[in-house]
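Visitor: Return atomic coordinates for the entry below.
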Amino acid sequence: MIKLSMRHLQVVRELARTQSFTEAAARLHTTQSNVSLALQEVESLLGTRLFERTTKQFRPTAAGADFVPVVERLLADLQAGIDNVVASAQLQKGILAIGGTPLLTATMVSELLSDYRRHYPGIALRVEDASTAELARLLRNRSIEFALGTFSAQDADLAVTPLFDDPLVVLAHASQRLPPACGWSDLAGLPLVSIVRNSSVGELIEETMHKVTGQTYHPTIELHHWSTVISLAESLSGICVVPAYAARKAAGGKLRTVELVAPRVLRTISVAHLRHRELSPAGKAFLELLQEDVRFKQDGGSR
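Guide: Numbering: from 1, shown residues only. Down below sits the predicted model:
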């Protein structure tokens, strides 16, 4: 393969544009002799002359006329690539694809999107809301860069970083006379609206209720979506067991938050990404914003 350097290509381009060794040298911040030597090297490597030059004329040969547009395109594409990399590194442009479980996407992620867009308006965002298993699949086929959920640290190909421990709590209608903190056994016999049992939280509720009461878990109604669970708990004057971050989203309605104890059940919310895939500058910036938000809320703040 013929090895032409960047300096060679730039000399050909500037000579074609200026048709002058003097002007080409000035544009390249070098001497005329260096430009002349570089052109000789190019023509020697290619085995043909690219320019005809006399005391009165300087113009491309037939070979030069074919080669110069190729050089122009190569250098233009390279500069465009450099500009894109720099712009992405400086968070001026790019695409960030992230994922989260539906509830996390509707709460934590949605709360951060406006802040992120305000800080980095040039970054286009794509958000996937899906189950933890589906998010892991999207990570592995590189459809998303990272995801929020309850991931297992046993997945060797995923780097899992814990964000915070989130307890399960009760959202209770005002008509339900529950104390500020109640045990799982206190929920027996109450109109319990629940997320479906084949979800991660539904499975955890079922296991805990059976462990504490020794009875089979029988909610009044089971639903697939958290927004419907909370809405029906309110309309049916019932209760529901939800992650604490969902309770914050429901604040202000007819449901009040009740601490759930004996036992206190925690779920670790984490960020997962492919272990050997470095996060982009845009991804790192979103995670920094997310971690700052988590610290803010743990210190007692609210958004």
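
Visitor: Can you tell me which helix or strand of the protein has the lowest average pLDDT?
Guide: Among the helical and strand segments of the chain, the one scoring lowest on mean pLDDT, DSSP states H and E is helix 244-250, with a mean of 81.

Visitor: Show the subsequent helix or strand relative to it.
Guide: The C-terminal neighbour of helix 244-250 among helices and strands, as given by DSSP states H and E, is strand 255-261.

Visitor: And that next one, what does it pack against?
Guide: Packed against strand 255-261 by the contact rule (3 or more CB pairs under 8 Å, 6 or more residues apart in numbering; DSSP states H and E) you find strand 158-173, strand 181-183, helix 226-235, strand 239-243. For the C-beta atoms, the positions are set from N, CA and C on the backbone; glycine is no exception.

Visitor: from these, which stretch is densest packed?
Guide: Most buried of the helices and strands packed on strand 255-261 by mean neighbour count (mean count of other CB atoms under 10 Å) is strand 239-243; its value is a mean of 27.

Visitor: how far is stretch 254-266 from where the chain is centred?
Guide: 31 Å (CA atoms, centre = their mean, to the nearest Å).

Visitor: avg pLDDT for it?
Guide: Throughout stretch 254-266, pLDDT has a mean value of 92.

Visitor: and if you look at stretch 12-25?
Guide: 91.

Visitor: how about it as PDB, C-alpha atoms only?
Guide: Extracted in PDB, the C-alpha atoms of stretch 12-25 (Å, rounded to 0.1, in the frame of the first residue of the first chain):
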ATOM      1  CA  VAL A  12      -1.600  18.600  -2.700                       C
ATOM      2  CA  ARG A  13      -4.800  20.300  -1.600                       C
ATOM      3  CA  GLU A  14      -3.300  23.700  -1.000                       C
ATOM      4  CA  LEU A  15      -1.300  23.600  -4.300                       C
ATOM      5  CA  ALA A  16      -4.400  22.800  -6.200                       C
ATOM      6  CA  ARG A  17      -6.300  25.600  -4.500                       C
ATOM      7  CA  THR A  18      -3.600  28.300  -4.800                       C
ATOM      8  CA  GLN A  19      -1.600  27.100  -7.800                       C
ATOM      9  CA  SER A  20       1.300  28.700  -6.100                       C
ATOM     10  CA  PHE A  21       4.200  27.300  -4.000                       C
ATOM     11  CA  THR A  22       4.400  30.600  -2.200                       C
ATOM     12  CA  GLU A  23       0.800  30.800  -1.200                       C
ATOM     13  CA  ALA A  24       0.600  27.100  -0.300                       C
ATOM     14  CA  ALA A  25       3.600  27.400   1.900                       C
END
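
Visitor: tell me which residues of that stretch are tucked away?
Guide: 12-16, 20-21, 24-25 (16 or more other CB atoms under 10 Å).

Visitor: So which of the residues you listed belong to helices?
Guide: 12-16, 21, 24-25 (DSSP state H).

Visitor: quick check, nearest of the residues you listed to Phe67?
Guide: Proximity of those to Phe67 (CB to CB) peaks at Val12, which lies at 7.1 Å.

Visitor: Quick one: residues contacting the closest one.
Guide: By CB atoms under 8 Å, 6 or more residues apart in numbering, the residues touching Val12 are 39, 42, 50, 64, 67-68, 71.

Visitor: Repeat the analysis, applying 7 Å as the threshold.
Guide: Taking CB atoms under 7 Å, 6 or more residues apart in numbering, we find Val12 in contact with 42, 50, 68, 71.
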